[in-house]
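Asker: Whatever this is, show me its structure:
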Amino acid sequence: MPRIIPVAAALFLGGMMLAELETWRQSTVVLDSPVTTELTGVVERREIDANGRWRYLVRVGRTANPEIRRPPERVSLLARARHESAGTGETISSRVRISPPSGPALPGLNDFAFSSYFDGIGAVGFFYGVPNKEAGPALPRAWIAEFESGLFDLRSAIASHIRETVPGDAGAFAAAIVTDERRAISKETTEALRLSGLAHIVAISGLNMALAAGIFFVGVRTVLSFFPGFAQAYPVKKIAAAGALVMATAYYLISGFGVSAERAYIMMAVMLVAVFFDRPSISLRNVALSALIIIAVSPSEILGPSFQMSFAATAALVAGYALWKNRSKKHDPEPLQIRHPVVTPVLASWKFIAGILATTLIGSTSTAIFSVEHFHRIATYGGLAANLAAMPIISFVVMPAGLVGMLLVPFGLDAPFLKLMGLGLEAVISIARHVAAWGGDAGIGRQHPWFLPVSTAGFLLLTLLRSRLRLVGIPLVAAALLFSWHERSKPLPDILVSEDGTMIALIGREGIATNRTRPPDFIYGQWKRALLLGDPIKPDVSSAGDKPPDGKSEERRELTQAEIEAVRSRIRQVPAGHFVCEPRVFCGVKTSGGTMIASVEDSRYAGAACDAAHIIIAPRARFDHCRSGALMINGNALRKTGALEISLHGAADIRQWTIRPAMAGHDRPWSRHRHYDWRNKTFASALPEPLRQLINGSGG
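Answerer: Numbers count the residues shown, from 1 in each chain. Next up, the predicted model:
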C-alpha cells in the first residue's frame, strides 16, 4: 500500500501536466464579441445536415468591413441557402455573422465553449446568402494538414456515395455508421433512436468496431481454413488478426477521429495485437491502456459524455464477462451434451437472446449515471425491448452487408450490399419509432455537483476491483442518489435569463412564461430538460404606443418626455403570469408577489424601465445602475456572468434575492474573452452593485 501512494501522486501530477500541455498546445483564439463582417478563408471540413444545409469549418484568412483586430483562427459556419458546396481546401468568402461559442445555458450545464476551445474553433455563426468560391492558388499548408484534409475528403465522398445509393434516413444512418457523419439524419429519427436506447448504434463505438473487425477476422480465418495445407503451415489466426487490424485502422481513419471511435480502435488494436503474442484479448488492462492513451493525447476528452459513457459501458461489459467466465469455471467443464434437432436450436437461440439482454442491461445501467448527468434523462424499459429486436438485425444484416459493400466499392459492386444494409436500418428505425412511442424515457433533471464524482467513484469500485472490497461502491452509489434527490427537492428559481439577455422566463404557479413567441430550441430545450419544465406560455404581443423604431437612424433619435412617460406607464400596467411585449420597445411581466420585470431591446427605453420595474434586463444599456434602486442587468454584466437564475424567495426586498450565475468568477482559457478587454489588455471592471452582492450571497 505505501508504494501505491507515490505512484498515484505521480500519475495525478502527470495528468495535471498533460492537461496544461494540451491547453497550451491548443491556445485557441476565441472571438470576444458578436460581429458581422466580410470573411475569407479556407474550407478545412464540411458536413451536410438533414435539410440539405452545409456546415463548414473554415480557417480564417482575413476579415473586412469591419476588420477584426483579434480574429479567431477557425470558425464553424452554417450555409442555410442551397448552393453547390465548396470542397475542402477551397477558398470561400461571404458576409457572415459570427459569435463566441455559447457558455452554459444555466449554471451547472454543459459549457459549449470548452469543447469548442479544444476543437480549435474560436467562433460559430452563419453565412448571409451563399458563400462565394474564390479563384486563385490554394494557400500552402503543412503535410499533416494535407493528409488530414485528404482523409476528410475521402470520408465525405464515402458518406455522399452511401446517401446517394440508399436515400432517406436509412442512407444517412448507414453513412453515420461508416463515417460518423450524423448531421444528415433527421431530428425525428435521431430523437426516436435516443428515446428507444438505440442511439449508441449511430456512433462509431466498440459495438461497430467489434462487429466490423470480428466479421472480417472470422471471415478471413474461415476462408483460410478451407486450405488445410496452408492452415497447417502458417498461423491462420494471427494472419486473420493482422488483416482485421488493417481493416480496423482504415475504419478509424475515415471515422472523423471521434473519441468513441478512438477508444474503440485502441481497444480493438490492443485485442488484435494480443493475438500475435497469444495473450488474453479481453481484459480490464486493455480498457485501462486505451484510457491512458486517450488521456495522454487529449485529456480534455475525459470531461465529455462520449468518453465517459463509452468507457463506462466497456469497463462494465468486460467486468461482467470476467464474472461470467469465473462462474463457468466453477461448474462441470464437460456437462452432459444434449443433441436434438429441436432442443439444440432452442438452446442456441436462448443463449443469443440472453446475451443481448445481459449486454443491454449492463450497458444501459453503466451509462445511466452519465446520461443523467449530461442529458438529464434516462431510458427505461424501452431500451431492453428495442435492443433485443434491433441487435440481431445489426449483427447479422447491417454490419456484414456494410463491410462487404465497403470492400467492393473500388470495383463498383457495392450497391446491392449497401441497399441490403439500408433495408436493415429501415427496420431498425421502425423499431426505434415504435418503442419511442411507448414513452419510456424519463426526465431526471439537473444534478447536484457531487452526484457525478461520487457515483463515478462507486461505479469504478464495483467494476475494477476483484475482491469483496468492490462492495464499498454500493454505499457510494446510494450517496449519489441522495445527492440527486436533494437537488430535485430544491425550489425552482423564479426568473431565468439567457447569457445574451434576449430570452427571459418567469416560473410561476401558472407555468413558465417567456418573452419570446418562439423560444430558441437550443436554449429552451436545455432549460426544459434541466428543470423539468413544461411548454412555455407565449407572450401577448401588443401594438400599443408609437410606431416601432425602423432602422439605425430612428434608434439614434432622442425620445421626447411624452414618449418616455407613455412607455413608463405601459410597463407599470403589465399583468401577472405572462409577458406583454411591444416589438422593439419592451417586454414586461409581473410576478405573483408584485415584482415587475422588464426586458428592453432599445437602450433609449432603459431609463423608463428603471423607473417602472424592479428588475431590468437591457443588453444594450450604457449604464450599470438605476437611480430608482432597481436591479439593472446589462450586456456588460451578462458577458461576465453568463446565464442567470434569480430567486426572489417571495420577497419584495432586493436584499433578500439571490442570483446564481453560470460563469461569474471562472477565469479559464475558454472563458477569458468574457472578462478581458483585448483592446486595452486589461481585465474588465468588477460587476456593479448590487448585482455582485446578490451573486456573492448565493454562493455563486
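
Asker: doesn't residue 452 fall inside a helix?
Answerer: Yes: counting by DSSP: H, G, I helix; E, B strand; the rest coil, one finds residue 452 located in a helix.

Asker: quick one: pLDDT of residue 550?
Answerer: For residue 550, the model assigns a pLDDT of 45.

Asker: Please pull out the lowest mean pLDDT helix or strand from the chain.
Answerer: Within the chain, no helix or strand scores below helix 552-556, which has a mean of 52 by mean pLDDT, DSSP states H and E.

Asker: Next SSE downstream of it?
Answerer: Next along the chain after helix 552-556, taking DSSP states H and E as the criterion, comes helix 561-572.

Asker: So which elements touch that next one?
Answerer: When contacts are defined as 3 or more Cβ pairs under 8 Å, 6 or more residues apart in numbering; DSSP states H and E, helix 561-572 packs onto strand 586-590, strand 596-599, helix 606-612. In short, each C-beta sits where N, CA and C put it, glycine included.

Asker: so how far is the second one off the chain centroid?
Answerer: Between the centre of strand 596-599 and the centre of its host chain there is 33 Å, according to Cα atoms, centre = their mean, to the nearest Å.

Asker: For the helix or strand containing residue 116, name the packing helices and strands.
Answerer: In the assignment (DSSP H and E), residue 116 maps to helix 112-118. Applying 3+ Cβ pairs under 8 Å, 6+ apart, one finds that helix 112-118 contacts helix 4-26.

Asker: Give the next helix or strand downstream of the helix it packs on.
Answerer: Next in sequence after helix 4-26, counting helices and strands by DSSP H and E, comes strand 35-48.

Asker: for the helix or strand just after the helix holding residue 116, the distance to its chain's centre please.
Answerer: Where DSSP H and E defines the elements, the next helix or strand beyond helix 112-118 is strand 123-127. Distance of strand 123-127 from its chain centroid, counting by Cα atoms, centre = their mean, is 18 Å.

Asker: Next: stretch 121-129.
Answerer: For stretch 121-129, the distance to the chain centre is 19 Å (Cα atoms, centre = their mean).

Asker: Contacts for it next, please.
Answerer: Stretch 121-129 is touched from outside by 28-31, 36, 57, 71-81, 94-102, 116, with contacts defined as Cβ atoms under 8 Å, 6 or more residues apart in numbering.

Asker: From the residues you listed, which land in helices?
Answerer: Residues of the contacts of stretch 121-129 located in helices (DSSP state H): residue 116.

Asker: So among the contacts of stretch 121-129, which ones count as buried?
Answerer: Neighbour-count burial (16 or more other Cβ atoms under 10 Å) applied to these gives 28-31, 57, 71-77, 79, 94, 96-98, 100-102, 116.

Asker: mind checking the backbone torsions on residue 89?
Answerer: phi 90, psi -10 (degrees, to the nearest 10).

Asker: Could you check how far it is from residue 669?
Answerer: 29 Å (Cβ to Cβ, to the nearest Å).

Asker: cool, residue 288 as well?
Answerer: 29 Å.

Asker: between the two, who's got more neighbours?
Answerer: residue 669 (16 against 13; other Cβ atoms under 10 Å).

Asker: Wait, that one touches residue 117, no?
Answerer: Yes: taking Cβ atoms under 8 Å as the definition, residue 669 is a contact partner of residue 117 at 6.4 Å.

Asker: Now do the shared contacts for the two.
Answerer: Counting by Cβ under 8 Å, 6+ apart, the residues touching both residue 669 and residue 117 are residue 28.

Asker: Can you give me every residue that contacts residue 102?
Answerer: 112-113, 124, 499, 522.

Asker: Repeat that for residue 405.
Answerer: Contacts of residue 405 by Cβ under 8 Å, 6+ apart are 414-415, 417-418, 421.

Asker: again, only using 6 Å
Answerer: Shown in contact with residue 405 (Cβ atoms under 6 Å, 6 or more residues apart in numbering): 414, 417-418.

Asker: next one: the one helix or strand it maps to to chain centre, how far?
Answerer: Assigned by DSSP H and E, residue 405 belongs to helix 399-408. Helix 399-408 has its C-alpha centroid displaced from the chain centroid by 29 Å (Cα atoms, centre = their mean).

Asker: what's downstream of that helix, the next helix or strand?
Answerer: Following helix 399-408 in sequence, per DSSP H and E, is helix 415-436.

Asker: Many thanks, have a good one.
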